[in-house]
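J.: Below is the sequence, then the predicted model.
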Amino acid sequence: MEVRQISDGVYEIKCGTTHYREVNRKIKELVNQGAKKVVLREVYGQRYIGTGIKGKVKIEVHGTAGNDLGIFLYGPEIEVFGNAQDGVGNTMREGKIVVRGHAGDVCGYGMRGGKVYIEGDVGYRVGIHMKGYKNLVPTFIVGGKAGNFFGEYMAGGRLILLGLNRKPGEDIVGDYCATGMHGGVIFVRGEVPKRYLGKEVKVFEPTLEDMKLLTEELKGFSEAFGIPVDEILSEPFTKIVPVSTRPYGRMYAHRWGIAAGLIK
């Protein structure tokens, strides 16, 4: 691992094959010394980048970010020039993550607040258990397509799926979209076949208020990737919301009753 100061408050770390613990230890050390920006180069899947760091510092990642990028993020901005593995924004509370590439599975898990912008596609179970926290409302925007279980068990926040890289006739999302969803809202650019949706949700046409909210949220994505908001809004959106606050309450209560001998 090589570390050098580029300018006042800006440092560069060449990660190479250095273990992720050493990389993250050095990032925290530099931030504690007053660093305003840390540039990571030769990143080969090092995990947990940004974990436990508070404050207004920017972390640039050049390479492939490993699992749980920005887990428990509490203020910093992370920008990835490449792809990211699973768990981007896991349980993050404040800050922003921008990935100029694709991301893996389970991104945005339990997300409490902040913004995540993915330029390309994401894998399975993105937005699972996503929720707000007090006055915080998390936003996760995907520029490409998503795999199965998108928005599974979602309890709050905003998931926005754009499918900007779709080919004609290609589906934007996989099976079981919004399964178990009981809070928050999902906006999808284009249509979502009903056979892909969980039974706990319904599809609506966005209202004028919805479009104002959507337009405002898309400004950050537009700024990050240089895609005009008007271009994104050139295709109609679908709004997905839950119709139950306890989608599986009855089923679990029934099973518990059987196990307890109260129901035969």
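T.: Happy to help now that I have it.
J.: ok, the nearest residue to Leu197 once chain neighbours are set aside - how many residues close by?
T.: Spatially, and ignoring its direct neighbours in sequence, Leu197 is nearest to Cys177 (5.3 Å; CB to CB, 6 or more residues apart in numbering). Yep, even glycine has a C-beta here, placed from its N, CA and C like the rest. A count of nearby residues for Cys177, using other CB atoms under 10 Å, gives 27.
J.: how far away is Cys177 from Gly89?
T.: Here Cys177 is placed at a distance of 19 Å from Gly89 (CB to CB, to the nearest Å).
J.: ok so, going back, correct me, but the residue nearest to Leu197 touches Tyr196?
T.: Yes: with contact defined as CB atoms under 8 Å, Cys177 reaches Tyr196; the gap is 5.0 Å.
J.: those helices in this structure, which residues are they?
T.: 20-32, 208-225, 229-232, 249-259 (DSSP state H).
J.: gap between the spatially most central residue of the chain and Lys167?
T.: Computing the C-alpha centroid of the chain and ranking residues by CA atoms, centre = their mean puts Gly108 first, at 3.8 Å. Going from Gly108 to Lys167 by CB to CB gives 25 Å.
J.: Can you get me the start-to-end distance on stretch 10-28?
T.: 13 Å (CA to CA, to the nearest Å).
J.: Show me how far that stretch is from its chain's centre.
T.: Distance, stretch centre to chain centre, for stretch 10-28: 24 Å (CA atoms, centre = their mean, to the nearest Å).
J.: Now tell me what touches it from outside.
T.: For stretch 10-28, contacts defined as CB atoms under 8 Å, 6 or more residues apart in numbering pick out 1-6, 30, 35-44, 46-53, 59, 63, 66.
J.: Give me the buried entries from those.
T.: 30, 35, 37-40, 43, 46-51, 53, 59, 63, 66 (16 or more other CB atoms under 10 Å).
J.: Just these: which are in strands?
T.: Within these, residues falling in strands by DSSP state E are Lys37, Val38, Val39, Leu40, Val43, Ile59, Gly63.
J.: Could you pull up the contacting residues of the fourth one?
T.: By CB under 8 Å, 6+ apart, the contact set of Leu40 is Glu12, Ile13, Cys15, Val23, Ile27, Gln46, Ile49, Ile59, Glu60, Val61, His62, Gly63.
J.: State the pLDDT value of the closest residue to the first one other than its chain neighbours.
T.: Spelled out, that is Glu12. Of all residues not flanking Glu12 in the chain, Val39 sits nearest, at 4.6 Å (CB to CB, 6+ apart). pLDDT for Val39: 98.
J.: What values do phi and psi take at the nearest residue to Tyr124 once chain neighbours are set aside?
T.: Using CB to CB, 6+ apart and skipping the chain neighbours, the partner closest in space to Tyr124 is Gly147 (4.2 Å). The phi/psi pair for Gly147 (degrees, to the nearest 10) reads phi -90, psi -160.
J.: Now do the contacts for Gly147.
T.: Applying CB under 8 Å, 6+ apart to Gly147 gives the contacts Asp105, Val122, Gly123, Tyr124, Arg125, Val126, Val173, Gly174.
J.: Please produce CSV containing these, extended by pLDDT.
T.: Below are these laid out as CSV (pLDDT from 0 to 100):
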residue, pLDDT
Asp105, 98
Val122, 98
Gly123, 98
Tyr124, 97
Arg125, 97
Val126, 98
Val173, 95
Gly174, 94
